[in-house]
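> need coordinates for the below:
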Amino acid sequence: MSEKITKKTKSPNYTLILIILWIFVALGALAQDAAVALMKERAINWRWARIDIFNWAMWILITPIVVRLFRKLPLSWNQPGKEIPKVIGLIFLMATIHMLLFVGYLDLFWWFDTGERFPTKNLYWFLCPQTFTTNFLVLSVIIGITLAFENYLLHQNLKLKSSQLETQLAEARITALRNQLNPHFLFNTLNAINTLILKKDNANAEKMLNRLSLLLRETLDSEHEQWVTFEEEIRFTKLFLDIYELRFSDRLKIKYEIDENTLNCKVPNFLLQPVVENSMVHGISKMTKQGFVQLKATHENHRLRIEVSDNGPGMTTEHVKEGLGLKNTRERIEEMCEDVVLEYGNRPEGGFLVVIELPCNNGND
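I've put the predicted structure just below:
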């Protein structure tokens with residue numbers, strides 16, 4: 001649905017690293033054999049040296065294939081009992097292929113070099129089991145190193161993603177604070193309070209001033225958390241909508257249909273504010289008749305479904321560019337959550353509807 005992180009730790013070139021590693025190991029082994037031969041004042045056995053070179057060459061070719069196959073395995077280590085057999089099966093398969101290639105080459109090479117077949121007893125009763133066992137151990141080490149690299153990269157990516165999410169949260173907090181403190185919103189709210197005082201409607205003036213104070217305090221004092229419970233998000237959003245409801249008086253009705261099972265769901269902080277702000281600015285504020293904004297939340301199959309609807313004018317054309325508020329909301333939830341949905345459009349009965357679906361993670365699901 002979206003990129004998991006905007007920037008990922010660059011994966012190393014496994015193939016190049018492993019080829020270089022095996023070349024160094026092969027050169028080291030051959031140098032060791034040559035040194036031993038010189039120390040014992042005997043000639044280098046080039047027949048076995050060529051056999052060793054073929055063996056190292058096979059490792060250079062097979063190892064990158066093993067790494068690529070391992071990285072493509074659909075592994076989920078939450079169920080190791082199902083995943084470990086896959087890894088063992090891959091190791092068994094590649095160890096067998098390497099063994100068959102090696103003993104086949106050895107038998108053929110021996111025939112061309114000496115005119116005789118390699119002793120069958122030594123080939124099948126000694127070299128095959130020994131080669132397979134060595135291959136199995138070497139491949140296990142290779143996959144272990146690959147898994148260590150993958151876990152390291154995953155850890156680095158998670159750290160990077162966490163850092164990015166913290167930055168996005170800070171930006172969201174600033175954006176939300178700016179929206180609540182922008183001159184237009186603040187002016188209209190203070191002007192509405194002044195009007196209520198002039199009308200001697202001190203009760204509603206006090207309510208609006210109290211809501212504004214609580215709203216600003218919630219924004220300024222809220223902790224630097226990426227996630228809050230849906231109950232906390234509803235409480236913050238209700239303060240915001242209460243101010244509009246008092247401002248518009250009989251022209252606006254706020255409706256809430258909140259399933260109690262949704263209250264403990266974790267949601268991104270400041271999730272609803274841009275959505276309800278969109279309804280107020282582009283919907284209710286353009287109406288002369290009575291309007292309503294409805295906030296509905298349901299819980300089903302471990303998912304939270306949020307619907308924000310109004311009876312405003314809705315979209316004026318079929319193709320409307322996604323507004324900044326909805327665009328930012330979409331990007332945030334897709335970055336912070338897996339398997340999320342954000343849809344919007346005109347309601348059949350008139351008005352506008354925004355639907356958000358995301359997993360309900362509350363520690364019990």
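
> helices of the chain, residue ranges please.
When secondary structure is read from DSSP state H, the chain shows helices at 14-39, 46-72, 80-114, 120-122, 128-181, 183-198, 202-221, 230-248, 273-282, 324-336.

> to residue 304, which of those helices lies closest?
When the helices of the chain are compared for distance to residue 304 using CB to CB, the nearest one is helix 230-248, at 6.7 Å. All C-beta spots, glycine's among them, are computed from the backbone N, C-alpha and C.

> now do the contacts for residue 289.
Residues counted as contacts of residue 289 (CB atoms under 8 Å, 6 or more residues apart in numbering) are residue 251.

> one more time with 10 Å, if that's ok
With CB atoms under 10 Å, 6 or more residues apart in numbering as the criterion, the residues that contact residue 289 are 251, 311.

> check it and give its pLDDT.
Note on residue 289: pLDDT of 85.

> what about it? Give its phi and psi, please.
Recorded main-chain torsions at residue 289 are phi -90, psi 180, according to degrees, to the nearest 10.

> how many other residues sit next to residue 198?
One way to gauge burial is a neighbour count; for residue 198, by other CB atoms under 10 Å, it gives 9.

> repeat that for the one 10 residues further on.
The number of residues packed around residue 208, counting by other CB under 10 Å, is 22.

> quick revisit: now mean pLDDT too, for the helices of the chain, in a markdown table please.
Converted to a markdown table, the helices of the chain look like this (pLDDT from 0 to 100):
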| stretch | mean pLDDT |
| --- | --- |
| helix 14-39 | 70 |
| helix 46-72 | 75 |
| helix 80-114 | 79 |
| helix 120-122 | 63 |
| helix 128-181 | 74 |
| helix 183-198 | 82 |
| helix 202-221 | 83 |
| helix 230-248 | 89 |
| helix 273-282 | 86 |
| helix 324-336 | 79 |
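
> I'd like those as a markdown table, with distance to residue 313 appended.
Converted to a markdown table, those look like this (distance: least, CB to CB, whole Å):
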| stretch | distance to residue 313 |
| --- | --- |
| helix 14-39 | 57 |
| helix 46-72 | 51 |
| helix 80-114 | 54 |
| helix 120-122 | 89 |
| helix 128-181 | 21 |
| helix 183-198 | 20 |
| helix 202-221 | 26 |
| helix 230-248 | 16 |
| helix 273-282 | 8 |
| helix 324-336 | 16 |
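
> ok, which of these comes nearest residue 347?
Closest of these to residue 347 is helix 273-282, at 11.6 Å (criterion: CB to CB).

> just checking, what packs against that closest one?
When contacts are defined as 3 or more CB pairs under 10 Å, 6 or more residues apart in numbering; DSSP states H and E, helix 273-282 packs onto helix 128-181, helix 183-198, helix 230-248, strand 291-300, strand 303-310, helix 324-336, strand 341-346, strand 352-359.

> in CSV: the ones you listed, plus distance to residue 256.
Written out in CSV, the entries for those read as follows (distance: least, CB to CB, whole Å):
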stretch, distance to residue 256
helix 128-181, 20
helix 183-198, 21
helix 230-248, 8
strand 291-300, 5
strand 303-310, 11
helix 324-336, 20
strand 341-346, 20
strand 352-359, 15
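
> what's the closest of these to residue 88?
helix 128-181 (8.9 Å).

> ok and that closest one relative to helix 183-198, angle-wise?
40 degrees (axes from the mean of the first three to the mean of the last three CA atoms, to 10 degrees).

> quick one: closest of the helices of the chain to residue 297.
Comparing the helices of the chain against residue 297 with CB to CB, the closest turns out to be helix 230-248 (6.8 Å).

> mind checking which of the helices and strands packed on helix 273-282 is nearest residue 108?
When the helices and strands packed on helix 273-282 are ranked by distance to residue 108, counting by CB to CB, first place goes to helix 128-181 at 15.3 Å.

> and residue 136, how far from residue 52?
In this structure, residue 136 lies at 19 Å from residue 52, with CB to CB, to the nearest Å as the measure.
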